[in-house]
Each structure stands twice: as C-alpha cells, then as structure tokens.
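Engineer: Here is the input, now give the coordinates:
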Amino acid sequence: MKRIYNFFSKKFIFGFLIIMIFYLTVGFIAAYIILSAIANQTHSTISIFENWWQLLIFILDIICVLLLGLSIFSMIKTRKKEEDVYEEAKD
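Structural biologist: Numbering: from 1, shown residues only. Have a look, this model is predicted:
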C-alpha cells in the first residue's frame with residue numbers, strides 16, 4: 001500500500017511541477033512580448049525584469065525547475081537503492 005501511495009504522490013509532484021514550469025514560462029514570455037509591443041508603440045524601452053511581477057514569475061519558474069531536477073535525482077537514487085535491496089534479497 002505504501003508503495004502505491006509513493007507512486008501516485010511522485011506522479012502528482014512531477015505533474016504539478018511540469019505544469020507550473022510550462023505556464024510560468026509561457027506567462028513570462030507572453031508578458032515580455034506584450035510589453036515589448038506596447039513599448040514599441042510608445043517609443044520607449046522595456047526590460048525583462050522591468051516590473052516586480054516579472055521577476056517573481058522568473059524566480060518561481062527557476063525554483064520549480066530546480067525542484068523538478070531534485071525530484072528526478074531523488075527518484076533515481078531511491079529506485080537504484082530499492083533495486084539493490086531486491087537483488088540482495090533475491091540472492
């Protein structure tokens with residue numbers, strides 16, 4: 001039962017992080033494109049980190065990417081340890 005729970009909780013975490021990364025990245029790029037178009041029409045300039053919310057989106061995106069990488073590393077390490085225990089029990 002514990003193994004089934006771990007499987008579904010890991011899938012939930014991976015799915016959540018992948019969805020967050022996708023939407024945060026799309027939002028970051030869309031905001032830059034829209035603000036760049038507005039700046040071109042008003043003859044001004046825009047930076048990627050002009051507003052506080054653009055910086056917040058970027059930081060959340062980086063945090064989610066790091067968490068996803070850490071989760072994948074942890075999953076691989078745990079799976080290898082479980083395979084080693086299974087191999088020892090088999091012998």
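
Engineer: all contacts plus neighbour counts: C-alpha atoms, from now on.
Structural biologist: Noted.

Engineer: Which residues does stretch 57-66 contact?
Structural biologist: 17, 20, 21, 24, 25, 27, 28 (Cα atoms under 8 Å, 6 or more residues apart in numbering).

Engineer: Can you turn the buried part of those residues into a PyMOL selection?
Structural biologist: Here is the PyMOL command that selects the buried residues among the contacts of stretch 57-66 (16 or more other Cα atoms under 10 Å):
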select buried, resi 17+20+21+24+25+28
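
Engineer: what comes up buried for stretch 44-55?
Structural biologist: Buried, per 16+ other Cα under 10 Å, within stretch 44-55: residue 54.

Engineer: which residues are in contact with it?
Structural biologist: 28, 31, 32, 35, 36, 39.

Engineer: and if you look at stretch 33-41?
Structural biologist: Contacts for stretch 33-41 (Cα under 8 Å, 6+ apart): 45, 46.

Engineer: Give me the mean pLDDT for that stretch.
Structural biologist: Per-residue pLDDT over stretch 33-41 has a mean of 93.

Engineer: Now it: buried residues?
Structural biologist: Within stretch 33-41, the residues that qualify as buried by neighbour count (16+ other Cα under 10 Å) are 35, 36.

Engineer: distance between the helix or strand harbouring residue 38 and the chain's centre?
Structural biologist: Assessed by DSSP states H and E, residue 38 sits inside helix 2-41. Centre-to-centre, helix 2-41 and its host chain are 6 Å apart (Cα atoms, centre = their mean, to the nearest Å).

Engineer: Now do the following helix or strand past it against helix 2-41: the angle between them, please.
Structural biologist: Next along the chain after helix 2-41, taking DSSP H and E as the criterion, comes helix 52-90. With axes from the mean of the first three to the mean of the last three Cα atoms, to 10 degrees applied, the angle from helix 52-90 to helix 2-41 works out at 160 degrees.
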